[in-house]
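Chemist: sequence-free structure coming up:
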Ligand SMILES: Nc1ncnc2c1ncn2[C@@H]1O[C@H](COP(=O)(O)OP(=O)(O)OP(=O)(O)O)[C@@H](O)[C@H]1O
Ligand SMILES: O=C(O)C1=C[C@@H](O)[C@@H](O)[C@H](O)C1
């Protein structure tokens, strides 16, 4: 970000910079979907919505919100009445539908990685793992009673202990679900990072990933050029 001699970004500059970067990512992605995974409360919904809005040509989707529309009930109620296994089935069906579309930025439910059947679907797109220290998630969610009450897995007991146990169980799953052939797109979220800041880090990590994993046709084109073949653009 441009800063003056005192290290202060001129007003309006941040917004222009984010717009430029997200627009560029929009072209680089060529329609590929982006899936945000990570623990509840890390900001997947807020960040995915903001990114899709800024990219313009992409549509924001949220698996929890789709489940609520389908079931005509809040996620907590579906969880409570149908049980986790049924919830995971519905979630898997929603992802199965979504992955056949293009140009989506998808906020997934925090537990989507628990089902291996979902990993291949996630990896048809680029997966961004929002990772945050459990203490910071606890502080963020505990500051708002509604945020705790709408998350079924946090009910009845010590929120911090519950979140830690869920994280310990899922850490390797987030890792594997967000790892394709050669690299992770993992974004560490600090409690002071604004949604814009997390969007920007995600964009920058995605760009690095795309640059270091060019599509096959780009690799063929580059090697043809290197061997003197005049590839028509
Ligand atoms: N960068 C941020 N700074 C401050 N608050 C944030 C930030 N990102 C999200 N929040 C707040 O934290 C809460 C959880 O955010 P959000 O619903 O986006 O998380 P999530 O990862 O989608 O959660 P879940 O997996 O449970 O759906 C919301 O109250 C949201 O406004
Ligand atoms: O982490 C989880 O298992 C969950 C996270 C939420 O997004 C919801 O999908 C639901 O509350 C379960």
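Modeler: Yep, that arrived. Predicted model, so just to flag it, every value in this text is computed and none were measured. Ligands and ions are numbered 1, 2, ... in the order given.

Chemist: ok now the least confident helix or strand in the chain by mean pLDDT, how far from the chain's centre?
Modeler: Using mean pLDDT, DSSP states H and E, the weakest-scoring helix or strand in the chain turns out to be helix 216-226, at a mean of 78. Helix 216-226 sits 30 Å away from the centroid of its parent chain (C-alpha atoms, centre = their mean, to the nearest Å).

Chemist: where does the chain have low pLDDT?
Modeler: 1-12, 179-184, 231-233 (pLDDT under 70).

Chemist: so the residue positioned nearest the centre of the chain: helix, strand or coil?
Modeler: Centroid check for the chain by C-alpha atoms, centre = their mean gives residue 36 as the closest residue, at 1.4 Å. Under DSSP: H, G, I helix; E, B strand; the rest coil, residue 36 falls in the strand class.

Chemist: what residues are up against the closest residue to it other than its chain neighbours?
Modeler: What sits nearest to residue 36 in space, not counting adjacent residues and going by C-beta to C-beta, 6 or more residues apart in numbering, is residue 44, at 4.1 Å. Where C-beta positions appear, they are placed from N, C-alpha and C, glycine not excepted. Going by C-beta atoms under 8 Å, 6 or more residues apart in numbering, residue 44 touches 36-38, 107-108, 110, 130.

Chemist: go with 7 Å
Modeler: Shown in contact with residue 44 (C-beta atoms under 7 Å, 6 or more residues apart in numbering): 36, 38, 107-108, 130.

Chemist: contact residues of this protein facing ligand 2?
Modeler: Counting by C-beta under 6 Å from any ligand atom, the positions of the chain adjacent to ligand 2 are 40, 64, 75, 79, 109-111, 151-153.

Chemist: right, and the residue nearest to the centre of the chain touches residue 50 too?
Modeler: No - applying C-beta atoms under 7 Å as the test, residue 36 and residue 50 come out as separate, 10.9 Å apart.

Chemist: phi and psi next, for the residue located most distally from the centre of the chain.
Modeler: The centre of the chain is farthest from one residue, residue 228, which by C-alpha atoms, centre = their mean lies 40.6 Å away. Here is the backbone geometry of residue 228 (degrees, to the nearest 10): phi 90, psi 0.
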